[in-house]
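1. A predicted structure for the sequence below; I have some questions about it.
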Amino acid sequence: MSLQPFLDAGPVIQLHIVAATCAITLGPVALARRSRDRWHKRAGYAWILAMVVLSSTGLFIHTLRLIGPFSPIHLLSLYTLCQLGLAVRDARTGRIAAHRYRMQSLYTLALMLTGAFTLYPGRLMSRILFPDIPVIGFVVIVGLAGLGCAWWFFSVSRRGV
């Protein structure tokens, strides 16, 4: 592991990485606690804040350019911001099943699955976490993301909202 690539990155990318780390860490805490539990709400609001920062900073990162300065990840950032707002609305209006579905989907798909692709060999997170053997990190993370998607598919999507 080497922090030098992180230190050499610009401030927007550094903030993006810090927000992603917070979101990855806080997500299981919020998802594991019972709804209406004080720690569920605290971890949930902190997770939402981390996701807002993560999605917002993602709009200003233009390392992948497919259509001018933009890529599909920019659409994902906008989609995530909209879904976060809808998830908060669902919780406040008592639509707990919809809230749970949105939050679990965002954690699994918008955070973990896309996070796996940040470890593609040669990308910044791959250089930080696996500077000597970058392919191993990608294989491990893609495997974990696959397990997460399988969990989401079999446990969340089958419930219906």
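-> Here it is on my side, so go on.
2. Need the per-residue pLDDT for the residue in the chain sticking out farthest from the centre.
-> Centroid-distance maximum for the chain: residue 132 at 25.3 Å, with Cα atoms, centre = their mean. On the pLDDT scale, residue 132 is placed at 84.
3. just the one 10 residues further on next, same as before
-> The per-residue pLDDT reported for residue 142 equals 75.
4. Which strand or helix spans it?
-> With secondary structure defined by DSSP states H and E, residue 142 is part of helix 134-151.
5. Pull out the buried positions in that helix.
-> Buried residues in helix 134-151, counted by 16 or more other Cβ atoms under 10 Å: 134, 137-138, 141, 145, 148. Heads up, the C-betas are built off the backbone N, CA and C, glycines and all.
6. got the contact list for that helix?
-> Helix 134-151 has contacts (Cβ atoms under 8 Å, 6 or more residues apart in numbering) with 108-109, 112-113, 115-116, 119-122, 126-127, 129-130.
7. Dump those residues into a markdown table; add secondary structure as well.
-> As requested, those are exported to a markdown table (DSSP: H, G, I helix; E, B strand; the rest coil):
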| residue | secondary structure |
| --- | --- |
| 108 | helix |
| 109 | helix |
| 112 | helix |
| 113 | helix |
| 115 | helix |
| 116 | helix |
| 119 | coil |
| 120 | coil |
| 121 | coil |
| 122 | coil |
| 126 | helix |
| 127 | helix |
| 129 | helix |
| 130 | coil |
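8. of these, buried ones?
-> Using 16+ other Cβ under 10 Å, the buried members of the contacts of helix 134-151 are 108-109, 112-113, 115-116, 119, 126-127, 129-130.
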